[in-house]
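**Q** below are the sequence and a predicted model; questions follow.
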Amino acid sequence: MFKKQVTILFFLFTFSFFSQELEISGHVVDTTNTSKRALPNALAMLVRIKDSLLIDFKRTDNQGDFTFKLSKLDTFELRISHPQFSDYSYYIFPSVSNRQFSIKQIILPPKSQLLKEVVIFAYKDPIFYKGDTLVYVADSFATKPNAVVEDLLKKLPGIKVSSDGTIQAQGKEVQQVLVDGDEFFGADPTMATKNLPANSIENVQIYEKKDENSTENETIQVLDLKLKEDAKKGYFGKISFASDVGATSSYPPFYEGEALFNRFDKKQKIAVFSLLSNTIKSSLNWSDMYTYGLNQERDWQNDEDDFMWFNSDSQNGIPKTWKSGVFYNNKINKKLEANVNYTYNNNELFTNDKEKSQFLLNDSTYTSDVENQSVEKVQSHEINMKYKWKIDSLNSLVIEPKWSLKTNKTNNESLNKFNNSFGSEFRNTTTANENIAEGVNSSIQMSYRKNFKKKNRSLLTKYSLVSESNQSEANLVIQDTEEAFNFDQNKKNNAKSLSHNAKLNYIEPIGKKFKIETEYEFYIHENSQEKYTYNLSNQTYTELDSNFSNDFVTNKNFHRIGTQIIFEHKKHRLTTGVYFRQVDIDNKNLFFNTEIHQLINNVLPRFRYVYKFSQNSRLNFNYRTSSSQPTINQLQPVPDNSNPNRIQIGNPNLNPNFVHKLSVNYNTYKALSNTYLWASMNYTSTQNAISKSSFYDSYGRNVSQAINVNGNYTFDANFSFGFPVFNSFLDINPDIAFANSRVYNYINSQENKTINSELSGGVNLNTSEDSLEFSIGAYLVYNIPFSSITSQELLPYYTQNYSARIHWTTPFGLFIETDAQFTINSQRSDGYNINYFIWNLNVGKSFLKNKNLIISVDTYDLLNQNISANREVSANVITDSKSLVIARYFLLRLSYKFNHKKSKEEDEF
């Protein structure tokens, strides 16, 4: 049986290999007839341009069609001739990635008409630069039938898509996904990538823009999906539902449902969607909870101290989600455009985790085993609006109001056992924490741009107002073998913030090569947070615990002014400048009536150089500096005992950090050979980095306070290459990366230096034909940790991942899609060196004329081996964990996709 399968696959690959040929087809019509019927017996001649040799000729059939198939690429003149008409010529310029040319309607001119035009069919560069924007031409990358945008993105060189939908482009995480320049259903990027059809995309654009939510002039990576004109005329969408119909008293059924309707025309875009799921594909966006501070008891430490993560691609826990929304865009007239979208989220996540941590001190070691179970429910309403007013040809105004309401309910129970170096238990803690939180966020941003009659002279003014309000109430019960650590508390938190930001930017051209950009920014931020904790007394929570209570206010305002010179000439673009910033910070502890005032001045230089080798090749060198302030949780001097074994205290004496960032990027794409190369190097050094000073007592507890340290840095280098082999039948994509980081902190008053080095690399082989997609890959991550405080050597550990994927569509509408991943974890703690093989299989058939009704059976984790295994190394602690995840399930799926394109402009509503 196995030999038969191998033989079938070999036949398929061999057939695909020999089908790599140049194909030119066309359809000739007779326009002298009112019905525009086909024109048979027209002569199509293919002449090679370099030597004028007639390579082949065909007569059109009764349907007016002809097809040429050639085994070699070359440039040709296609000449169409008929006795009743004048001749007509097309010039064909193919490439390795563009071998098929179809001329849908060829109209021969009358004998009396002199030919005045020549039509050239040439390839579009699949990848090129347009200014500072990297552009991918979507149709240059083949995708499977009924593919969505996410499938397309996985084909694009330099872009990586993780299992949860997170996108990396050119080594940087994409933080915003737009559709034709506008947000599509708010800030969740997966709404566009997981639902829009791939064949509706004209091109994918990658660029950087200033982060509107940052006061430090930081930039974010943006992915903009440009729709085809055909996709803007008519409506399209899909309806899908799947279930295993396997409900029992103890086993509820798995299900996935989605409905999406889009109606676009030149003036209006309307989209409505609803998603319902409790499987691994649930579209959960838990990061919103941290963004809006819904859970005030969360860990405030930044990720610098936790310098290495490894985790599997599995999604932790058992999710349940319902998400719906409406998107509306209207070009009211030539000057006014309005955009409104509303999104509702209702998410639930049940988790069950186990952790084993090793604590490495300078004179001792101990371990802890943690079992944790939680249920978390999040609901949110989000409204985003955008109004664009083009006042005239030189002036424009944009207004963007936003509002959101989020509620969060959490119920968490955990058991923590501490063991000495001999494995004997010396203490255990049971914690129960119930928390209810609500957050409201509202903002408005207004920007006015004035372009002058003098080319490149412009004035931009911006003002934004942001208001946030978050309240939470929690009940915390701690039962410990040490009686002094027992607590039964009620916690009430109230946090508010209000910020004003005004910016003025002016650009003045000097000659044809130089521009001077001057900018001034003023920022005011008021932030307050009340934390009150009450102990249980006489069956009521009335006894105020001053050890865990505080009322803290931080007020910040800063002025930033600077100038940069921009030089552009031919292939060179150079930008250099310097900014001056003054920050005035006032931290008030109202609970103890104390105040700390800081006045900080910074000089922030920046430099950027871009060399354009060609339209497809670019070198980018960038150096910039920035400074950011501590958060209110890092400042507020009150212990957070929500995790009684990891207590954290803020520090009102913290100073803002100062960050140096250096990056070098090189991209090149050669269309004729279809090869791609991308390389990058990034270095970040932070002065006054926010770290922590930790004290470990004899009971295994850790009390940490935020502090400033110097000497922290991160470095990474990445290299990715892609090239075709076997006459472009197979694409090979190797990549390699190296990362190194150094972080300082203090443990029991002793300085600790942690260094992590990570080497990773792999290769991916893939092929894509009309009916067959195949890929196979391997990836290795090798980590070398180091901590100066421990005398115990930290052993290197590594992870291997092997994957394969096949999608095959038969001529009868039957399709088979399967993917598999084998993961090997090595050098972990006992019980955590877990190897697992995840195999998914989908089999289905498409029906109807347009193949848009699909019935399939989807199998996830066929071998029932899915797990979630993680390792975290932070300072002197190594933690291995594993989590409950969704394992094997089967779904019967029914999907219907519809698409209607308007042929006449007057059909538009």
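**A** All right, it came through fine.

**Q** tell me where the protein has helices.
**A** Applying DSSP state H to the chain gives helices spanning 2-18, 149-153, 190-193, 287-291, 632-635.

**Q** okay, now the domains of the protein?
**A** 21-122, 280-885 (automatic domain parsing).

**Q** winner for burial among those?
**A** domain 280-885 (a mean of 17; mean count of other C-beta atoms under 10 Å). For glycine as for every other residue, the C-beta is placed from the backbone atoms N, C-alpha and C.

**Q** okay, how far is it across that one, tip to tip?
**A** 8 Å (C-alpha to C-alpha, to the nearest Å).

**Q** try stretch 801-817
**A** 20 Å.

**Q** hmm, back to that, export the domains of the chain to a markdown table and tack on mean pLDDT?
**A** Listed next are the domains of the chain as a markdown table, based on pLDDT from 0 to 100:
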| stretch | mean pLDDT |
| --- | --- |
| domain 21-122 | 80 |
| domain 280-885 | 88 |
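
**Q** ok, which of these comes nearest Ile167?
**A** Smallest distance to Ile167 across those (C-beta to C-beta): 13.9 Å, for domain 280-885.

**Q** check the offset of the closest one from the chain's centre.
**A** 11 Å (C-alpha atoms, centre = their mean, to the nearest Å).

**Q** ok so, going back, okay if I get the domains of the chain as TSV plus distance to Gln176?
**A** Shown next, in TSV, are the domains of the chain (distance: least, C-beta to C-beta, whole Å):
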stretch	distance to Gln176
domain 21-122	29
domain 280-885	12
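
**Q** out of those, which is closest to Ser243?
**A** domain 280-885 (10.6 Å).

**Q** and the closest residue to Asn352 other than its chain neighbours, what does it touch?
**A** Ranked by C-beta to C-beta, 6 or more residues apart in numbering and with sequence neighbours excluded, the top spatial neighbour of Asn352 is Leu884, at 3.9 Å. Taking C-beta atoms under 8 Å, 6 or more residues apart in numbering, we find Leu884 in contact with 316-318, 350-353, 868.

**Q** do the same with Asn494
**A** If you count contacts by C-beta under 8 Å, 6+ apart, then Asn494 has 470-471, 529-530 around it.

**Q** which strand residues bridge Arg871?
**A** Phe310, Asp880 (DSSP bridges).

**Q** that should have said Phe93, apologies.
**A** Ala122.

**Q** measure stretch 452-461 end to end?
**A** Note: stretch 452-461 ends 14 Å apart using C-alpha to C-alpha.

**Q** how far away is Gly813 from Tyr91?
**A** 38 Å (C-beta to C-beta, to the nearest Å).

**Q** ok, Val638 next?
**A** For Val638 relative to Tyr91 (C-beta to C-beta), the value is 75 Å.

**Q** likewise for Phe552?
**A** Taking C-beta to C-beta, one finds Phe552 at 73 Å from Tyr91.

**Q** as a markdown table, the contacts of Leu884 with distance to Lys58 would be great.
**A** As requested, the contacts of Leu884 are exported to a markdown table (distance: C-beta to C-beta, whole Å):
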| residue | distance to Lys58 |
| --- | --- |
| Asn316 | 60 |
| Gly317 | 61 |
| Ile318 | 61 |
| Phe350 | 65 |
| Thr351 | 65 |
| Asn352 | 67 |
| Asp353 | 67 |
| Ser868 | 59 |
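
**Q** what's the farthest-apart pair in the residues you listed?
**A** Phe350 and Ser868 (13.5 Å).

**Q** for the nearest residue to Ser787 once chain neighbours are set aside, give the beta-bridge partners.
**A** Of all residues not flanking Ser787 in the chain, Thr754 sits nearest, at 5.0 Å (C-beta to C-beta, 6+ apart). Beta-bridge partners for Thr754, by DSSP bridges, are Val743, Ser787.

**Q** start at 25 instead
**A** OK, 25 is where the count begins now, so the last one is Thr778.

**Q** roughly how far does Thr778 sit from Ser784?
**A** In terms of C-beta to C-beta, Thr778 sits 19 Å off from Ser784.

**Q** next one: Lys636
**A** 31 Å.

**Q** ditto for Tyr822
**A** Taken as C-beta to C-beta, the span from Tyr822 to Ser784 is 9 Å.

**Q** neighbours of the residue nearest to Lys234 when sequence neighbours are not counted, how many?
**A** Nearest residue to Lys234 in three dimensions, chain neighbours excluded: Thr243, at 5.8 Å (C-beta to C-beta, 6+ apart). For Thr243, the neighbour count with other C-beta atoms under 10 Å is 15.

**Q** which ones are touching Thr243?
**A** Taking C-beta under 8 Å, 6+ apart, one finds 232-235 in contact with Thr243.

**Q** in strands only, show me these.
**A** The strands, defined by DSSP state E, take in 232-234 from those.

**Q** and those residues as a markdown table, adding pLDDT?
**A** A markdown table is the format used below for those (pLDDT from 0 to 100):
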| residue | pLDDT |
| --- | --- |
| Glu232 | 81 |
| Lys233 | 80 |
| Lys234 | 73 |
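
**Q** who wins on neighbours among the residues you listed?
**A** Glu232 (16 neighbours).

**Q** wait, that residue sits on Gly155?
**A** No: using C-beta atoms under 8 Å, Glu232 is not in contact with Gly155, being 11.6 Å away.

**Q** quick check: beta-bridge partners of Ile151?
**A** Tyr160.

**Q** wait, it touches Ala162, no?
**A** No: proximity of Ile151 to Ala162 does not meet the contact threshold set by C-beta under 8 Å, at 11.3 Å.
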